[in-house]
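Trainee: Got a sequence here, can you build the structure:
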Amino acid sequence: MNNTKNTTRPRSNTPIILALLLIAGLAIIAPPTLAAAPGLTAVPAELNVTKAIATMDAAFEEGNWPRASAYAELITQHADKNEIDTDTVPADVWCKWGYSLRKMGKYDEALAAVTIGIEKDPDEATAYLNRGYTYLALGQYQNARIDAEETLRLERDSKTDIASDRAIANDNTSAAAYNIIASGLLGEGDPKNALVAIDTALILRPDHVNYLNTKGVALTQLGKYADAVSVLTRATESEDAYIAPYPDAVPPEENLKTAQRLYDENKAPDALIIIAAVAILAIGAGAILLQRRK
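Mentor: You can find the predicted model right below:
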């Protein structure tokens, strides 16, 4: 019989415990990092606000609304977390944040952001345009028109040289303001005055696809279906792409379908047109004969 005892010592857990304690200690003393905002792949521990604004601007120009929005939010949060007065955040950051949120369909959040931007810089005309389109998206048509009128007031005050680049910029901004006014009036069921406003926008920016779209809607509401079809066809065939001010806006292609359907439903049948023409000719011929007999 083999009476040899097993002399192997039990394995110690000490190294594992020490390793876990080391990892926990490193986690505790490691510098904190900012949580990644939506649209960001990584966020630095220390935010360089200047670079963050530059990145936001680049994303904004590219139409990358989630990224632009994420950086705008990050900039404002950085100021708050570091106990910096959020008034130091430029108004432009708030306005671009609001614009990006509107493009993403987050209308209530967009309204809150751009309103802060306006409070910080109440003399910036385009900020009122920004909020005006947000009001349209929310169905607050009167507020939209009020902001558009404020845009026009500020543009009139700043327009000093009709031949300058600034004057051209004013025309673009003013045209957008008239488009908001027209859209607001359409929302309130006043297509007659809406048509006057949108025609003013088209004088400033002839053949602008967005403004043609608004005019087509006004003509449709007025029951001028043939004219609406003509104008909306021009909009759909424009070389310029239609840029929706917000996701729920109806594009010219859809408005054209509506106008065409209403035109087809309301036009007189061809047979009736022929009968009417024959009747008119007969009446005219009869009148001539009676005149000759006198």
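Trainee: same for the helix or strand containing Arg145, what does it pack against?
Mentor: For Arg145, the element it lies in under DSSP states H and E is helix 141-158. Helix 141-158 sits against helix 125-138, helix 165-187, with contacts defined as 3 or more Cβ pairs under 8 Å, 6 or more residues apart in numbering; DSSP states H and E. All C-beta atoms are positioned from the backbone trio N, CA, C, and that covers glycine.
Trainee: What angle do helix 165-187 and it make with each other?
Mentor: Relative orientation of helix 141-158 versus helix 165-187 (axes from the mean of the first three to the mean of the last three Cα atoms, to 10 degrees): 160 degrees.
Trainee: neighbours around the closest residue to Arg234 other than its chain neighbours, how many?
Mentor: Computed as Cβ to Cβ, 6 or more residues apart in numbering, the closest residue to Arg234 that is not its neighbour in sequence is Leu212, at 5.6 Å. Counted with other Cβ atoms under 10 Å, residues neighbouring Leu212 total 26.
Trainee: which residues touch Leu212?
Mentor: By Cβ atoms under 8 Å, 6 or more residues apart in numbering, Leu212 lies in contact with 202, 231-232, 234-235, 238, 252.
Trainee: Could you report the distance from Leu185 to Pro122?
Mentor: 25 Å (Cβ to Cβ, to the nearest Å).
Trainee: Comparing those two, which residue is more hemmed in?
Mentor: Each of Leu185 and Pro122 has its neighbours counted (other Cβ under 10 Å); Leu185 has more, 25 against 12.
Trainee: before we move on, which element is the closest residue to that one other than its chain neighbours in?
Mentor: Closest residue to Leu185 in three dimensions, ignoring its sequence neighbours and counting by Cβ to Cβ, 6+ apart: Ala194, at 3.8 Å. Assigned by DSSP H and E, Ala194 belongs to helix 191-204.
Trainee: that older thread, restricted to helices, list the contacts of Leu212.
Mentor: Of the contacts of Leu212, the ones assigned to helices by DSSP state H are 202, 231-232, 234-235, 252.
Trainee: Show me which of those is closest to Thr76.
Mentor: When these are ranked by distance to Thr76 (Cβ to Cβ), Pro252 comes first, at 36.3 Å.
Trainee: Can you give me the neighbour number for that closest one?
Mentor: 24.
Trainee: hang on, isn't it packed against Val217?
Mentor: No. The criterion here is Cβ atoms under 8 Å, and Pro252 misses it with Val217 at 9.2 Å.
Trainee: Would you mind giving the helices and strands packed on helix 141-158 as JSON lines with mean pLDDT added?
Mentor: Formatted as JSON lines, the helices and strands packed on helix 141-158 follow (pLDDT from 0 to 100):
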{"stretch": "helix 125-138", "mean pLDDT": "97"}
{"stretch": "helix 165-187", "mean pLDDT": "86"}
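Trainee: May I see these arranged in CSV, with distance to Glu265 as well?
Mentor: Below are the helices and strands packed on helix 141-158 laid out as CSV (distance: least, Cβ to Cβ, whole Å):
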stretch, distance to Glu265
helix 125-138, 28
helix 165-187, 21
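Trainee: Highest mean neighbour count out of these?
Mentor: Greatest average neighbour count among these goes to helix 125-138 (a mean of 25), per mean count of other Cβ atoms under 10 Å.
Trainee: Measure how that one sits relative to helix 141-158, angle-wise.
Mentor: 170 degrees.
Trainee: what helices or strands is helix 125-138 leaning on?
Mentor: helix 91-103, helix 107-120, helix 141-158, helix 165-187.
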